[in-house]
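**Q** give me the fold of what follows.
(2 chains)
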Amino acid sequence: MEIFLSLVTGFLFACGAYMLLRRSFTRLLIGILFLSQAANLAILTLAGLGDGTSGIVPYGETTLEAGHPDPLPQALVLTAIVIGFGVFAFALILLKRAYHKLNTDDLDALESTDR
Amino acid sequence: MNTMSTSPLILAVVLPLIAAVTQILLTGHSRAQRAATVVFSALVMATGVWLLLAVRGGGPLFVDFGGWDAPVGIRFQADMLSAVMVAVTGLIAFCGAVHSFAEVPHGQERRGFHSLFFFLIFGVTGAFLTADLFNLYVWFEVMLLASFVLLALGGGRKAIEGAVKYVTLNIAASLVFLVGIGVVYGSLGTLNFEDIAQRIAAGGGEGGAGVRAAAVLLMLAFGVKAGLFPLYAWLPSSYHTPSHTVSAVFAGLLTKVGVYSLFRVMGTAFASEADFLMPLLFWVSLLTMVIGGVGAACQVHTRRILSFHIISQIGYMTFALSLGTVEALAAGIFFVIFNIFAKTNLFFAASVIDRIGGGENLKHTGGLYRTAPWLSVLFLISALGLAGIPPLSGFWGKFALIRETLVLGHGFGAFVLLATGMITLFSMTKIWAEAFWKEPPEGEAIEKRPVGPAHVVPMVVLAAGTVVLGLYPEPFFEIFRTAAEQILQTPTMP
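**A** Numbering: from 1, shown residues only, chains lettered A, B, ... in the order given. Below you'll find the predicted structure:
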């Protein structure tokens, strides 16, 4: 399962990087989305997936049995997903505003602040 | 540890949040908001000073929020460097708050400038006080989201365009940071800075491939945030687009959070990778200095010159880290603090030049030496300080850094440091000659807008800070030396 998820993560990274390097606003957004999903999957996979059971301490016990996945990376990913969602929402609105304001969706046309 | 001794630490984290929420509740009441901004930013500053005194008197403070002990729980920790940075952040917040009265239009105030300002400060202080890598990421995001909105708040063509570049590159850097965190956790099973160092040490001092990959990813991410060559592109294309207050506060604080993170993470947590990373950082820093300086030299827009300058100065700070000794790092911290003062002050000066000197394009400015001699003095204190003219404070930072560079035998490094000082002086002289000395261009009437105490007070406060730092450097150096020792010593966790 780890190998499969590693491949998926790599694929998402590749797609995200490719989309990020395109010139259109929309593809830029899709690129950001892919990359953030890839980063989330990477955290989860790198920490090890365990045996696939949930990392919740059973009622009456005080510790997890060996072999259960570490719940901490899951908590990290949850936080990262929420943050990524917020950032993406802002980027979406910003690029929509930029599209209306600048009348283009070509990133190469954005050069007035660089001269 | 009793509650009283850690209360400045808790207050330093929580107070900006209280301020931000209060500002949301006050939306629509411009006068009340302004009053609250001044009161809260003064309180943030006072808390920072209290924290600094507490840490100076009783050593590092820490608090574990949420009932879990570190390294599992999230620890907030204030050692000397954190405390100094928080105190300086408070000062910049106060100066920015006062300056905002004159420069931030009512429309932006209604759209939430004040609360965003405090969310930004919240993110910055949080980043300075956390002892956990993932938590640092969260604080970075708090800070970045607030800065995204502050950049785009003006809504003009340039503001939106600058924001697109800033947002895209910073999001990409954040994702690299996130992957780096994943690799750290995957290979070490911890995210606490000191625990990372200890586990690497426990594993025989070599972290293996995972640790090295993580260190590289983190350095890349912080390199973008700090504005290192060749990752700085977002900075000069966005810092001149928002209102002057926002520019000044960004210039003072944001890149320094990146530098601080480099100090913290590379100095403490990944010290074992120093042999691999520091030579890289050494050359990157030298290139950053030169490219930033040259970039500044070929600009004609005041805030763009100053933006490229930030990059050049960042090079000095990371260069100090790359040398890796206590003396060098102390000089680097001195540089960071001085730079926050001087840079913010120069951006404040740029706002006044924009108002009474004929705009931001140096081709259309002139005559300020005659019409506003007070501004000339305030500008010169910061500008000459940046170039490193004694006895202004930039000189001491540069002097200590170059001496340490020569002691360690990096003659070429010292040469580049001195040469960059010349380039800095050149571009500062350019602003001086064009805006202050030369007569206003003929046939163009300079349109003047009023300048009030809200412009002058923060400039005087910061200039005074620069002068004090320059005339009495020794006690400050003592503090920074302690800070550098705490960063570089191998940690022993309680």
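**Q** quick check: closest non-adjacent residue to the closest residue to chain B within chain A.
**A** Distances between chain A and chain B by CB to the nearest CB are smallest at A:L46, namely 3.1 Å. All C-beta spots, glycine's among them, are computed from the backbone N, C-alpha and C. Nearest residue to A:L46, sequence neighbours excluded (CB to CB, 6 or more residues apart in numbering or on different chains): B:G186, at 3.1 Å.
**Q** smallest gap between the stretch 201-350 of chain B and chain A, at which residue?
**A** B:S237 (4.7 Å).
**Q** backbone phi and psi for that residue, please?
**A** phi -100, psi 0 (degrees, to the nearest 10).
**Q** what's the answer for B:N192, then?
**A** The phi/psi pair for B:N192 (degrees, to the nearest 10) is phi -70, psi 130.
**Q** list the buried residues for stretch B:22-37?
**A** B:22-23, B:26, B:33-34, B:36-37 (16 or more other CB atoms under 10 Å in any protein chain shown).
**Q** which two in those are spaced the farthest apart?
**A** Farthest pair in the buried residues of stretch B:22-37 (CB to CB) is B:T22 and B:R34. Separation: 12.6 Å.
**Q** so what's the residue count around the residue of the stretch 201-350 of chain B closest to chain A?
**A** 24 (other CB atoms under 10 Å in any protein chain shown).
**Q** against B:G292, how distant is it?
**A** Relative to B:G292, B:S237 is positioned 14 Å away (CB to CB, to the nearest Å).
**Q** over to B:T190?
**A** 36 Å.
**Q** residues in the stretch 101-250 of chain B within reach of chain A, list them.
**A** Contact residues (CB under 8 Å from any CB of the partner chain) of the stretch 101-250 of chain B with chain A: B:134, B:137-138, B:141, B:144-145, B:148-149, B:152, B:155, B:157-158, B:160-165, B:167-168, B:171-172, B:174-175, B:178-179, B:181-183, B:185-187, B:189, B:236-238, B:240-241.
**Q** from those, which land in helices?
**A** B:134, B:137-138, B:141, B:144-145, B:148-149, B:152, B:157-158, B:160-165, B:167-168, B:171-172, B:174-175, B:178-179, B:181-183, B:185-187 (DSSP state H).
**Q** chain neighbours aside, what residue packs nearest to A:V8?
**A** A:L41 (6.5 Å).
**Q** show me the contacts for the one you found.
**A** Contacts for A:L41 were tallied using CB atoms under 8 Å, 6 or more residues apart in numbering or on different chains; they are A:5, A:8-9, A:12.
**Q** taking those residues together, which two end up most distant?
**A** A:L5 and A:L12 (10.2 Å).
**Q** more neighbours: which of these two?
**A** Legend: neighbour count by other CB under 10 Å for A:L5 and A:L12, higher for A:L12 (20 against 15).
**Q** how much space between that one and B:V456?
**A** 53 Å.
**Q** and for A:E65?
**A** 68 Å.
**Q** over to B:Q486?
**A** 38 Å.
**Q** which intervals of chain A have sub-threshold pLDDT?
**A** Scanning chain A for pLDDT under 70 picks out A:115.
**Q** go through the longest helix along it and flag the buried ones.
**A** If you go by DSSP H, chain A has its longest helix at helix A:71-102. Applying a neighbour-count criterion of 16+ other CB under 10 Å, one finds A:72-73, A:76-77, A:80, A:83-84, A:87, A:90-91, A:94-95, A:97-98, A:102 buried in helix A:71-102.
**Q** so which elements touch that helix?
**A** helix A:25-46, helix B:133-152, helix B:157-188 (3 or more CB pairs under 8 Å, 6 or more residues apart in numbering or on different chains; DSSP states H and E).
**Q** CSV for those helices, including distance to B:R56?
**A** As requested, the helices and strands packed on helix A:71-102 are exported to CSV (distance: least, CB to CB, whole Å):
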stretch, distance to B:R56
helix A:25-46, 38
helix B:133-152, 24
helix B:157-188, 31
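**Q** just the pLDDT for B:E327.
**A** Among the per-residue scores, B:E327 shows a pLDDT of 88.
**Q** contacting residues around it?
**A** Contacts of B:E327 (CB under 8 Å, 6+ apart): B:400, B:403-404, B:407, B:481, B:484.
**Q** do the same with B:Q313
**A** Applying CB under 8 Å, 6+ apart, the residues near B:Q313 are B:292, B:335, B:339, B:343, B:386.
**Q** next one, pLDDT for it please.
**A** 90.
**Q** next: B:T27.
**A** pLDDT, B:T27: 84.
**Q** ok so it is a helix residue?
**A** No: counting by DSSP: H, G, I helix; E, B strand; the rest coil, B:T27 is not found in a helix; it is coil.
**Q** most distant residue from the centre of the chain?
**A** Assuming you mean chain A. Taking CA atoms, centre = their mean, the residue of chain A most remote from its mean C-alpha position is A:G60, at 36.0 Å.
**Q** oops, I was thinking of chain B
**A** Outermost residue of chain B (CA atoms, centre = their mean): B:G443, 40.6 Å.
**Q** three-state assignment of that residue?
**A** Assignment for B:G443 (three-state DSSP): coil.
**Q** need the phi and psi values for the nearest residue to B:A296 once chain neighbours are set aside.
**A** Counting by CB to CB, 6+ apart, B:F308 is the residue found nearest to B:A296 once chain neighbours are left out, at 3.7 Å. Backbone torsions of B:F308, given as degrees, to the nearest 10, read phi -60, psi -30.
**Q** now the phi/psi pair for residue 59, please.
**A** As the question left the chain open, I've gone with chain A. Per degrees, to the nearest 10, the backbone of A:Y59 is at phi -60, psi 130.
**Q** the intended chain is chain B.
**A** Torsion angles, degrees, to the nearest 10, at B:G59: phi 80, psi 180.
**Q** so what pLDDT did it get?
**A** pLDDT, B:G59: 81.
**Q** and it, what is it in contact with?
**A** Contacts of B:G59 by CB under 8 Å, 6+ apart: none found.
**Q** what about it, distance to B:K448?
**A** Counting by CB to CB, the gap from B:G59 to B:K448 is 53 Å.
**Q** stretch B:292-302: which residues count as buried?
**A** B:292-293, B:295-297, B:299, B:301-302.
**Q** please apply the same query to stretch A:23-32.
**A** Applying 16+ other CB under 10 Å to stretch A:23-32 flags A:25, A:27-32 as buried.
**Q** my read is that B:T371 contacts B:I356, right?
**A** Yes: under the criterion of CB atoms under 8 Å, B:T371 makes contact with B:I356 at 6.7 Å.
**Q** looking at the buried residues of stretch B:22-37, which one is closest to chain A?
**A** Nearest member of the buried residues of stretch B:22-37 to chain A, counting by CB to the nearest CB, is B:Q23, at 19.2 Å.
**Q** show me what contacts the closest one?
**A** Counted by CB under 8 Å, 6+ apart, B:Q23 has contacts B:33, B:36-37, B:40, B:112, B:114-115, B:117-118.
**Q** next one: B:F276
**A** Contacts of B:F276 (CB under 8 Å, 6+ apart): B:212, B:215.
**Q** so A:E65 and B:V456 - more neighbours on which side?
**A** B:V456 (18 against 10).
**Q** how near is that one to B:R111?
**A** Relative to B:R111, and taking CB to CB, B:V456 is found at 27 Å.
**Q** kindly report the same for A:H100.
**A** 17 Å.
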